[in-house]
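Enquirer: Got a predicted structure plus its sequence, pasted below:
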Amino acid sequence: MADDLPAWLNYTPGDQLEKPVDTNITGTIPQWVTGTLYRNGSGMYEVGETTVKHVFDGMAVLHKFIIKDGKVQYQNKLLDSDTLTRSLKANRLVVGQFSTAAYPDPCKSIFARFLSYFIPEMTDNTAVNIVPHGDMLLALTETPICNIVDPETLTKKGSIPLDKLNLVALHVATAHPHTDSDGTMYNLGTSFNHKQAYNIIKIPPQEKAGDNPFNRASLVSTFPSRWKMNIGYNHSFGMSENYFVVLEQTLVANVLKLPLLLLTRTGFENCMDIYPDEKVLIHLARRSDGKTLTTQYTCLLLFPLHQLL
């Protein structure tokens, strides 16, 4: 796939601009426009011997646009995730991505490599979104791992494992949380265990600079899956003034296929099925108390990637 991309889309470590550089401006930027814009996305599609198979699987590249006095400076950096660092050292991808499988890290012990054939390792290649929360800048993907990024240097300052918050078993989370006007963040996490469910997680605002509000995260609402062995895929969810909105789409992850990914060395996309003859269920919960509505809403087959609510 990387051979089909324009050269400027396929980064290498040597392509990074770790210091801001001036840009050429076409047109005029008003003098009153001041701020910093951050963007995130796949940008490195070859890691040593491995060429990834899907545009979602590239290593994360962080972009920074500094806007001031009618000028723009630009900076970028490959996110120094553990996945990238270990893969560069091994000269191949060592943690599987959405569509691209990987072999165990050769730097691990024999026992750890043996276990990695049966227990999937979650990637921390957070290449989908970048959002602020208080004074924290968070790079996100659809695994329950988010990276804390230094807003000046774009280097990783730490990571937050959402699946270790002792709220509920979270196996994936969306990369598109919603933030309320008071600074409270909400996200949708999905459980793949024997009680497949969609869970609304609440992360309160920071109490002071340097505070990690994820330590005070709480479970707000839970919607059980209609299937015993499937869980609907969600890239995002909706939040209005009064309700949380979760679409149980008919594109699903087949829980029984998940262990086979390790044996067949294939990507996560190979455990996905679709039920075109079933309807989409619309789950609602009140934001005031988290209570789910018993009224069942349905609609014909659709697949929204980003919900606007």
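Expert: The structure has been received and is ready for your questions. Quick caveat, the model's predicted, so the values are computed rather than measured.

Enquirer: Flag the shaky bits of this structure, pLDDT-wise.
Expert: 1-9, 104-120, 194, 261-264, 308-309 (pLDDT under 70).

Enquirer: Identify the residues contacting the residue most central in space within it.
Expert: Geometric centre of the chain, nearest residue: Thr141, 1.2 Å, by Cα atoms, centre = their mean. Thr141 makes contact with Ala60, Thr123, Asn125, Thr126, Ala127, Val128, Asn129, Ala175, according to Cβ atoms under 8 Å, 6 or more residues apart in numbering. Placement of C-beta: from N, CA and C, glycine included.

Enquirer: Now for these: which two are most distant?
Expert: Across the contacts of Thr141, no pair lies farther apart than Thr123 and Asn129, at 14.8 Å, counting by Cβ to Cβ.

Enquirer: So these two - more neighbours on which side?
Expert: The neighbour comparison of Thr123 against Asn129 (other Cβ atoms under 10 Å) goes to Thr123, with 25 against 20.

Enquirer: Go ahead and confirm that one touches Gly96.
Expert: Yes. In this structure, Thr123 is within contact of Gly96 by Cβ atoms under 8 Å, at 6.8 Å.

Enquirer: For Arg39, name its beta-bridge partners.
Expert: Note on Arg39: beta-bridge partners by DSSP bridges are His63.

Enquirer: what's the neighbour count on it?
Expert: Residues near Arg39, counting by other Cβ under 10 Å: 12.

Enquirer: Thr250 and Pro276, how far apart?
Expert: Per Cβ to Cβ, to the nearest Å, Thr250 is found 7 Å from Pro276.

Enquirer: typed the wrong thing, it's Val61
Expert: Val61 sits 36 Å away from Pro276, taking Cβ to Cβ as the criterion.

Enquirer: Which one's more surrounded, these two?
Expert: Val61 (21 against 7).

Enquirer: State whether Leu256 is indeed within a helix.
Expert: Yes. Secondary structure of Leu256 (DSSP: H, G, I helix; E, B strand; the rest coil): part of a helix.

Enquirer: Chain neighbours aside, what residue packs nearest to it?
Expert: Met229 (5.4 Å; Cβ to Cβ, 6 or more residues apart in numbering).

Enquirer: which parts of the one helix or strand Val131 maps to are buried?
Expert: The secondary structure element spanning Val131 is strand 129-133 (assigned by DSSP states H and E). By 16 or more other Cβ atoms under 10 Å, the buried positions in strand 129-133 come out as Asn129, Ile130, Val131, His133.

Enquirer: do the same with stretch 228-245
Expert: By neighbour count with 16+ other Cβ under 10 Å, stretch 228-245 contains the buried residues 230-239, 243-245.

Enquirer: returning to that earlier point: need the residues touching each of Thr250 and Pro276.
Expert: Common contact partners of Thr250 and Pro276 (Cβ under 8 Å, 6+ apart): Leu301.

Enquirer: if I look at the nearest residue to Leu258 once chain neighbours are set aside, how far off is Leu219?
Expert: Of all residues not flanking Leu258 in the chain, Cys271 sits nearest, at 5.3 Å (Cβ to Cβ, 6+ apart). Distance, Cys271 to Leu219, using Cβ to Cβ: 26 Å.

Enquirer: Quick check: which element contains Ser87?
Expert: Using DSSP H and E, Ser87 sits in helix 82-90.

Enquirer: Can you give me the end-to-end span of stretch 177-187?
Expert: 5 Å (Cα to Cα, to the nearest Å).

Enquirer: Now do the same contact list for Asn28.
Expert: I think there's a mix-up here, since residue 28 is Thr and not Asn. By Cβ under 8 Å, 6+ apart, Thr28 lies in contact with Gly70.

Enquirer: Assign it to helix, strand or coil.
Expert: coil.

Enquirer: Asp69 versus that one, what's the distance?
Expert: Taking Cβ to Cβ, one finds Thr28 at 12 Å from Asp69.

Enquirer: hmm, back to that, what's the separation between the residue nearest to Leu256 and Ala90?
Expert: Distance from Met229 to Ala90, by Cβ to Cβ: 35 Å.

Enquirer: Just the CA atoms of stretch 287-302, as PDB, please.
Expert: Presented in PDB, the C-alpha positions along stretch 287-302 are these (Å, rounded to 0.1, in the frame of the first residue of the first chain):
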ATOM      1  CA  ARG A 287     -27.300  12.500  31.000                       C
ATOM      2  CA  SER A 288     -28.900  13.700  34.300                       C
ATOM      3  CA  ASP A 289     -28.700  10.300  36.000                       C
ATOM      4  CA  GLY A 290     -27.300   7.900  33.400                       C
ATOM      5  CA  LYS A 291     -30.500   5.900  33.300                       C
ATOM      6  CA  THR A 292     -31.100   4.000  30.000                       C
ATOM      7  CA  LEU A 293     -34.500   4.400  28.300                       C
ATOM      8  CA  THR A 294     -36.500   1.300  27.900                       C
ATOM      9  CA  THR A 295     -38.100   2.500  24.700                       C
ATOM     10  CA  GLN A 296     -36.400   0.800  21.800                       C
ATOM     11  CA  TYR A 297     -35.700   2.900  18.700                       C
ATOM     12  CA  THR A 298     -34.600   1.300  15.400                       C
ATOM     13  CA  CYS A 299     -33.700   2.400  11.900                       C
ATOM     14  CA  LEU A 300     -32.700   0.700   8.600                       C
ATOM     15  CA  LEU A 301     -29.100  -0.300   7.900                       C
ATOM     16  CA  LEU A 302     -26.700   2.600   8.000                       C
END
